[in-house]
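Undergrad: The sequence and its predicted three-dimensional model are supplied below.
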Amino acid sequence: SALEELIPSFARPEIVKQQARIEELVEKLLSQNATEPLRRLAVSVLKRLYTSGNSSALPNFVSKLLKVTGEQSKKVTNDTRVATLDVIGELMLRDGKSIEGFSTDIFVVVAKHMKLPEANARCSALQCLSKTIAVAGLKSPSIAGN
């Protein structure tokens, strides 16, 4: 994509300056029934953003996505939940070490999604869980017990 290729061409201070705006745009994209190709594009753009910009902002962004995904109100559509879980899983695969601390939160969100009637929500939750376990593993008995 043009944005994905454009990001590394800017100076780091300019990328950092625009980073919050790009994150906000990705959040809006995910809330508007993002298809799988759009989600892959979003992950690619985010990867470039955190590689070229402020990588320490990634945990805050994942935290925002987890809040959206875990919200039980009717404001958040099933498609938004599916999209955000998909992106969280992909970010975990690509940058797992920096967001590994969210593993327990991801497990909790996945458990909630397994109770939803929509098959795509459960499928997305299991895929996210699989990616999280592949990177973070199960490090403590308390997590495994949950």
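TA: Received, thanks.
Undergrad: all contacts plus neighbour counts: C-alpha atoms, from now on.
TA: Fine.
Undergrad: Report pLDDT for the residue nearest to the spatial centre of the chain.
TA: Nearest to the geometric centre of the chain sits residue 88, at 2.3 Å (CA atoms, centre = their mean). pLDDT recorded at residue 88 is 95.
Undergrad: For it, give me its contacts.
TA: Contacts for residue 88 (CA atoms under 8 Å, 6 or more residues apart in numbering) come out as 62, 65-66, 128.
Undergrad: How far does the helix or strand it falls within sit from its chain's centre?
TA: Per DSSP states H and E, residue 88 falls inside helix 78-99. Relative to the chain's own centre, helix 78-99 is displaced by 3 Å; criterion: CA atoms, centre = their mean, to the nearest Å.
Undergrad: So the residue nearest to the centre of the chain versus residue 109, what's the distance?
TA: Remark: distance between residue 88 and residue 109 (CA to CA, to the nearest Å) = 11 Å.
Undergrad: Repeat that for residue 116.
TA: With the distance defined as CA to CA, residue 116 ends up 11 Å from residue 109.
Undergrad: of these two, who's got more company?
TA: Using other CA atoms under 10 Å as the criterion, residue 116 and residue 109 rank with residue 109 on top: 20 against 12.
Undergrad: got the buried residues for stretch 126-134?
TA: Buried residues in stretch 126-134, counted by 16 or more other CA atoms under 10 Å: 126-129, 131-133.
Undergrad: tell me which of those is nearest to residue 32?
TA: residue 128 (19.8 Å; CA to CA).
Undergrad: Return the helix or strand in the protein with minimum mean pLDDT.
TA: Here the helix or strand of the chain ranked lowest by mean pLDDT, DSSP states H and E is helix 141-145, holding a mean of 47.
Undergrad: Can you work out which residues contact both of residue 88 and residue 109?
TA: residue 66.
Undergrad: Poorly predicted segments of this protein, please.
TA: Residue ranges of the chain with pLDDT under 70: 1, 138-146.
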